[in-house]
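3D model of this:
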Amino acid sequence: MYLIDGYNLLYQTDFETRDELMAGVGDFCRRKNKRAKIVFDGYSPEDLSNEVLEIVFVGDADAELESLIKHVENPNNFVLVSSDKELIFYAQKKGVLVVRSEHFATIMKAEDSIEMPEKADEVNLSDAEVKKQLEELNNFKKI
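Model prediction:
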């Protein structure tokens with residue numbers, strides 16, 4: 001199951017609204033036959049969950065995600081999607097696989113061309129995939 005930092009991911013994608021993000025993540029989960037829990041800061045008067053997405057609104061999304069990670073029984077069954085450094089550190093400490101939001105946004109766009117690893121130790125990339133990722137990383141400039 002993907003545990004997604006909702007607004008963190010939204011700001012790393014081309015989606016303009018929360019609803020577009022939820023639709024995009026829902027489509028991705030259906031293609032991959034996976035489920036996701038998207039946690040947003042704030043409030044919604046309606047239940048936006050569906051068969052593949054559980055949508056949660058809370059006062060502090062980071063605190064909620066940390067609590068969820070704290071209580072997972074099998075960390076290999078979860079993937080945190082966030083670029084928040086503190087959440088990433090906490091998830092890694094608990095053995096939960098982490099995919100940074102900007103990388104997940106790329107994976108969502110690529111549709112079926114990039115496979116998500118099932119466990120942290122199952123990251124197998126071809127030479128071409130490694131080269132492409134290194135080229136992408138080299139295009140980022142340090143500020």
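
Quick check on the residue positioned nearest the centre of the chain: phi, psi?
When Cα atoms, centre = their mean is applied to the chain, the residue found nearest the centroid is Val81 (2.4 Å). When read as degrees, to the nearest 10, the backbone of Val81 gives phi -110, psi 100.

ok, now the one 10 residues further on?
As for Ala91, its main-chain torsions (degrees, to the nearest 10) stand at phi -60, psi -40.

Do you know the pLDDT at it?
Looking at Ala91, its pLDDT stands at 95.

give me phi/psi at the nearest residue to it once chain neighbours are set aside?
In space, and not counting its chain neighbours, Ala91 is closest to Leu80: 4.3 Å by Cβ to Cβ, 6 or more residues apart in numbering. No exception for glycine: its C-beta is placed from N, CA and C like everyone else's. Per-residue torsions, Leu80: phi -90, psi 130 (degrees, to the nearest 10).

Was I right to think Leu80 contacts Leu65?
Yes - contact criterion Cβ atoms under 8 Å: Leu80 and Leu65 qualify, at 6.9 Å.

Just list the residues touching the residue nearest to the centre of the chain, thanks.
2-5, 8-9, 98-101, 104 (Cβ atoms under 8 Å, 6 or more residues apart in numbering).
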